[in-house]
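J.: give me coordinates for this.
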Amino acid sequence: MTLLVNVSKAILTFAQGHPRILNLLHIALDSVPELAYMLLTLAGFSYLVPELMKKIEASSTLRLCLTTMFVVIGLGTVILNAVNRERQAHTSEAERIKNDSVMNSVQSNLRFLVESKGQLPNEAERRRRVLETLRDEYVMSHQDAPVSMITGNQYPSADWMNKRLRQLGENWSFNEPQRPPRVFGPPVLPPIQSSAKANIVFSFDTNSPEEFPILETSAQMDGAAVHVKFTYMTMNDVEPKNGLIIMRVCNRCIFASEPERFTLPSKELLQSDRTRPFAQLYPGVAEVPTEVAIIPPLTPGIRRIALAFFYTCENCPQIDYSKPQQLWITIVRPPL
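T.: Next comes the predicted model:
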C-alpha cells in the first residue's frame, strides 16, 4: 500500500510539472468508467462467439497477449485511482491553506479596525467595515453560509454578530434593518429617484437588541442629579446623511454636565437643547451610548421626567417639534 501511495505521488508530482502529461492523465482518469464497461461488453460478447473462445484456448500466444492486456489494464486502473485520490487530497490541502490564508487576512483586518477605534475620521465607516469583515469571517468559518450572504446581501444573525462585537470589545450593537414584507405578485419597478426617508429611533441603552427600543427606565438620585445612558439607531435601509441630533431636557430640568459629543445649541434652539451633528449613520447599527446627567425640578411630587429627541438630515422627514420622541425616567429618591 505504501509503495502504491509513493508511486501515485511521484506520478502526480511529475504530471504537475508537465501540462500535456497532466492533461493526458485527466483524460485517462475520466475514461476509467468507460473502460470498465468495454471490458464487461467483451466478456459478454465472448459467450456469444464460442468459435473465438476455442481459438483463444488453442493458442498460447493469444492467451498470453490477453492476459498481459488485462493485467496492464487492471494495474493501470489501480494506479490511476490512486493518483486521483492523491490529487483530491492535494486539492483539499491547497484549498485548506488558501482558506487559512484568507481567514488570517480577515482576522488581521478585523484587529486593525478594532484597534483604530477613535482614530479614523469617520466612525460610521469604521463600523460598516467591521460588520462586513465579521460577515466575511462567518462565511469563511461556515460552509453552509447562504449565497445571499456570500454576495453581501445578507448578514449573519444579530445574536452571532453581537456576540462577536462583545468579544472584540465593541460597545455598540448590530440589528438587521427592518425590511418590508415580501409581496407576491407582478414585479414593481422602483422609481427613478427614491423618496424613502431615514427612520431614526431613540432608546435607553441596552445590551439586548431584541429589547430595542427601551422607552422607560428608572434612575437613582446621585446627589442632585440622575444619570442615564441613551442611544439611537436607523431602523430602515435608508442611510441618514449630513444631519443633526437634538436632545431636549424637560421644562425646569438642568444639565448637570455637558453630554459627551453633544454641544450647546444654535440661537434658534432652546437652551435646554443639546445638539450633535453627523455625516452619516449606518442602518441597523446602534450608536455608542451617551451618558447624560440631569438635575430634575425641585418641585415636590415630581417622580418622572422625560428626554425629548428630534433629528433632521438630507434624507430625513421634515422635523416636527410638536412630536418629539420621548424617553421617560422614573426618579428613585433616597429615603429621608
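
J.: got phi/psi on the closest residue to residue 262 other than its chain neighbours?
T.: Counting by CB to CB, 6 or more residues apart in numbering, residue 262 lies nearest to residue 274, which is 4.0 Å off, once chain neighbours are set aside. Just so you know, the C-beta spots here come from the backbone N, C-alpha and C atoms, and that holds for glycine as well. The phi and psi torsions at residue 274 (degrees, to the nearest 10) take the values phi -130, psi 140.

J.: is it true that residue 274 touches residue 255?
T.: Yes - taking CB atoms under 8 Å as the definition, residue 274 is a contact partner of residue 255 at 7.0 Å.

J.: domains for the protein, by residue range?
T.: For the chain, the structural domains run 2-107, 116-167, 200-332, going by automatic domain parsing.

J.: what ranges do the helices span in the chain?
T.: Taking DSSP state H as the test, the helices found in the chain are 2-16, 19-48, 50-58, 60-115, 123-141, 147-150, 158-167.

J.: and the gap between residue 280 and residue 259?
T.: Distance, residue 280 to residue 259, by CB to CB, to the nearest Å: 21 Å.

J.: can you check residue 54 too?
T.: To residue 259, residue 54 is 105 Å away according to CB to CB.

J.: comparing the two, which residue is more hemmed in?
T.: residue 259 (17 against 10; other CB atoms under 10 Å).

J.: check contacts around the closest residue to residue 206 other than its chain neighbours.
T.: In space, and not counting its chain neighbours, residue 206 is closest to residue 214: 5.3 Å by CB to CB, 6+ apart. Counting by CB atoms under 8 Å, 6 or more residues apart in numbering, residue 214 touches 203, 204, 205, 206, 327.

J.: any chance of the residues you listed in a markdown table, with distance to residue 307, pLDDT and neighbour count too?
T.: Output for these, formatted as a markdown table (distance: CB to CB, whole Å; pLDDT from 0 to 100; neighbours: other CB atoms under 10 Å):
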| residue | distance to residue 307 | pLDDT | neighbour count |
| --- | --- | --- | --- |
| 203 | 11 | 95 | 21 |
| 204 | 9 | 94 | 21 |
| 205 | 12 | 92 | 18 |
| 206 | 15 | 87 | 17 |
| 327 | 5 | 95 | 21 |
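
J.: which of these sit farthest apart?
T.: Spanning the widest gap among those are 206 and 327, at 12.0 Å by CB to CB.

J.: tell me the spacing between the residue nearest to residue 206 and residue 69.
T.: 82 Å.

J.: next one: residue 302
T.: 103 Å.

J.: equivalent analysis for residue 327, please.
T.: From residue 327 to residue 69 the distance is 88 Å (CB to CB).

J.: how about residue 252: what's its closest non-neighbour residue?
T.: Closest to residue 252 by CB to CB, 6+ apart is residue 297, at 4.2 Å.

J.: so who does the one you found touch?
T.: Contacts of residue 297 (CB under 8 Å, 6+ apart): 250, 251, 252, 253, 305.

J.: what about the stretch 101-250 of the chain, any weak spots by pLDDT?
T.: Across the stretch 101-250 of the chain, the ranges flagged by pLDDT under 70 are 101-106, 109, 113, 118-122, 147, 150-152, 176-194.

J.: can you pull the contacts of residue 51?
T.: Applying CB under 8 Å, 6+ apart, no residues qualify as near residue 51.

J.: no further questions, thank you.
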